[in-house]
Structure formats: structure tokens, C-alpha cells
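Chemist: Could you work out the structure for the sequence below:
(one chain, ligands or ions: 2)
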Amino acid sequence: MRINTALVAGLAGLVSLAQAALIRGDATFTGSNVNGGTCSFVNYTLPAGVSGVGIGPPNWANGTKCGACLQVNGPRGSVKVMITDSCPSCAPNRLNLYEDAFRQIADPSDGIASVEFDIVSCGIGSQLWVRNKVGTSRWFFSMQVMNANYPVTALHVSTDGGNRWEATVRRDYNFFEREASGGFGQDRVLVRVSCSNGRQVILPDVSMSEYSESRAPANC
Ligand SMILES: *[C@@H]1O[C@H](CO)[C@@H](O)[C@H](O)[C@H]1NC(C)=O
Ligand SMILES: *[C@@H]1O[C@H](CO)[C@@H](O)[C@H](O)[C@H]1NC(C)=O
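Modeler: Numbers count the residues shown, from 1 in each chain. Ligands and ions are numbered 1, 2, ... in the order given. Below is the predicted model of the structure:
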């Protein structure tokens, strides 16, 4: 029974690999800069086995792919990286990898390498969490999602125990806010994070204090 399950999972993996649309592009490299990246991942430690990357327009897409992980295949190997930064000078489909990531897929003395890449799960075993921006309160809502296995597609807030969910908009500095600014008028709210793999994670009791972090019960 266990063997059958493993076999089915393995076949499903093969099918999804075969169907994955690898994007062709190229890669350069830069210093690692998790804290200073435009995704605003301050004080964040990248997951084990994951390096970082900055991407240029149009891939940057106003920060909507912040935190997404890419599998990158180069001439010398593969590496997994998380999008932590933009790269305004990058051509379309150019990845500006952290130097340690570039070393795993190509010869640094080449400076640039042809690559193929695709969005994959970050493979994080622990939960995702949310963090409030400086100035967050019952009068001003600004929240980012960190450590999610798949790209975050939406963040909703409920002030009535989950009956009604209000949408937020993602700013290009990777914080979700109310479209018309302002807050939700409460010191604690429910937060619902939606991910690109279709999963939703609800945080049942989130503080509206600035810098506050709340761990979700699960990951995407
Ligand atoms: C980062 O960590 C420092 C030191 O613990 C803290 O003072 C600062 O507020 C943190 N920044 C954020 C954005 O949480
Ligand atoms: C980025 O933001 C601009 C200005 O708000 C908008 O016109 C554009 O459609 C956005 N692009 C994406 C990919 O979201």
C-alpha cells in the first residue's frame, strides 16, 4: 500500500515536471541582500537550501512575485532561489542571482549564463507568518507575508469572526494595505492568506501593533 502511494506520487511528480513551462532567460549575479531588497524582507533568514534573486520588469510585476521560489537550471547545475528584490536594469527574463546561487549553476568568470527557470514550492516545512509595517494600528493597516511556500495572491481581513472578508491591495514594497489606506478599526483581526497553489491559510487572531509578527497555523 505504501509502495503504491509512493508510485502514484512519483508519477504525479513526473507529469507536473513534464507540463511545467520552463522560461528561458539568462542570469547575472550580485551580492546577497535579503534585508535591503525591495520585497522588504527585513530580518528574514532565507530557508535552508534556498538562495535569493532580484528580477527585472516585467517579471517583477509590481512586487506580486515577492517571496516566490524559482528552480533555476544553468550550464553547471540547478539551484532554488527566492525572489527578494527587483532589478530595474534587468532585461525581461534576466535573473540577478545572489553570487552563491550563480556559482552553483555557472562559472562566475563568465559573468552571465543562459538559464531556464520556473516557479516551484519553496519546500519550507514550517508555517508562514505575517508582519506589520511600522505605523500599523487600528487606524492604519500594512502587512506582509513571509516564508510562504507558494506566491501569495491575496490577503483578506475579517473583523467579524470570518463572516465577511475585505480585500487588500499589494503595494510594490510588498505590503498589503487597504485600497483607500486607513485601518480596520480593531486591535485584533482575522487574516486570510491565499496562495497560487489554491491553498488558503487563516490566522485567527492577529495583532494590529506595528512590527508585530503572527505565525499562521500552516503553510501554503
Ligand atoms: C529587525 O530587528 C531589529 C533588531 O531586533 C529590530 O530592532 C527591528 O525593529 C526589526 N525590523 C523589523 C522590520 O521588524
Ligand atoms: C503594475 O502597476 C501599474 C500601475 O498601477 C499597472 O498599470 C500594471 O498593470 C501593474 N502590473 C502588474 C503586472 O500588476
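Chemist: Which residue, neighbours along the chain excluded, lies closest to L70?
Modeler: Closest residue to L70 apart from its sequence neighbours, by CB to CB, 6 or more residues apart in numbering: F117 at 4.7 Å. C-beta coordinates here come from the backbone N, C-alpha and C atoms, glycine included.
Chemist: Toward the C-terminus from the helix or strand of the chain with the lowest mean pLDDT, list the very next helix or strand.
Modeler: Scoring the helices and strands of the chain by mean pLDDT, DSSP states H and E places helix 2-19 at the bottom, with a mean of 38. Using DSSP states H and E, the next helix or strand after helix 2-19 towards the C-terminus is strand 23-30.
Chemist: Any idea how far that following strand is from the middle of the chain?
Modeler: Counting by CA atoms, centre = their mean, to the nearest Å, strand 23-30 is centred 18 Å from the centre of its parent chain.
Chemist: Other residues contacting it?
Modeler: 54, 72, 74, 90-99, 101-102, 105-106, 108, 111-118 (CB atoms under 8 Å, 6 or more residues apart in numbering).
Chemist: Which of these fall in strands?
Modeler: 54, 72, 74, 94-98, 113-118 (DSSP state E).
Chemist: could you flag which of those residues are buried?
Modeler: G54, V72, G74, R94, L95, N96, L97, Y98, A113, V115, E116, F117 (16 or more other CB atoms under 10 Å).
Chemist: didn't V169 look like it was pressed against F176?
Modeler: Yes. Using CB atoms under 8 Å, V169 is in contact with F176, at 6.9 Å.
Chemist: of these two, who's got more company?
Modeler: F176 (23 against 12; other CB atoms under 10 Å).
Chemist: Give the full set of residues in contact with the more buried one.
Modeler: F141, S142, M143, Q144, V145, L155, T168, V169, R170 are the contacts of F176 under CB under 8 Å, 6+ apart.
Chemist: and the residue most central in space within the chain, what does it touch?
Modeler: Here the mean C-alpha position of the chain is nearest to the C-alpha of G67 (CA atoms, centre = their mean), at a distance of 1.7 Å. G67 is in contact with C39, F41, M82, I83, T84, V145, M146, N147, A148, P151, V152, N174, counting by CB under 8 Å, 6+ apart.
Chemist: pLDDT value on the third one, please?
Modeler: At M82, the model reports a pLDDT of 98.
Chemist: related to what we said a few turns ago, pLDDT score for the residue nearest to the centre of the chain?
Modeler: 98.
Chemist: if we can go back for a sec, quick one: which of the contacts of G67 is nearest ligand 1?
Modeler: F41 (9.3 Å; CB to the nearest ligand atom).
Chemist: Is it correct that that closest one is in contact with N35?
Modeler: Yes. At 7.0 Å, F41 and N35 qualify as touching, with contact defined as CB under 8 Å.
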